[in-house]
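**Student:** The sequence isn't on hand, but the structure is:
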């Protein structure tokens, strides 16, 4: 094997190992977060978000709203126990939902209504009153 070939093979092996390590870290940090599927639309008066979050209880949902964005978080923990014919099994599952979305229009943080029913979160946010105004330049 020529010296240059050996160097390139070692570099290739190192890069392959680094890719494996980065993939493992990415899976470790992202595997328990789910991104809720959303529909976002606006009317003349409000911005509406519908987010699917099956299995979550409304008490476990956290909403943070600014005039330009919304952050949705939730945690779902389940514990299952089985004791069949002397065999004992206990499992714990933790699922997290997280998503931050930029809103298509500026909203009032004082007038927001959120309703959660059958795994669907519906958020209605009133648009801020403020019309476009042409400014003359001096």
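**Tutor:** Ah, there it is. From a predicted model like this one, the values you see are computed outputs, not experimental measurements.
**Student:** Tell me, domain by domain, which residues of this structure belong where.
**Tutor:** Using automatic domain parsing, the domain parsing of the chain gives 1-29, 32-127.
**Student:** any idea which of those scores lowest on pLDDT?
**Tutor:** Among the domains of the chain, domain 1-29 has the lowest mean pLDDT, at a mean of 76.
**Student:** on that earlier part again, just say which of the domains of the chain is most tucked in.
**Tutor:** Highest mean neighbour count of the domains of the chain: domain 32-127, a mean of 14 (counted as mean count of other CB atoms under 10 Å). (Each C-beta comes from the backbone N, C-alpha and C, glycine too.)
**Student:** I'd guessed residue 68 sits against residue 106; true?
**Tutor:** Yes. Judged on CB atoms under 8 Å, residue 68 makes contact with residue 106 at a distance of 6.2 Å.
**Student:** Can you check which of the domains of the chain gets nearest to residue 136?
**Tutor:** Of all these, domain 32-127 sits nearest to residue 136, with 23.6 Å by CB to CB.
**Student:** Show me how far that closest one is from its chain's centre.
**Tutor:** Domain 32-127 sits 9 Å away from the centroid of its parent chain (CA atoms, centre = their mean, to the nearest Å).
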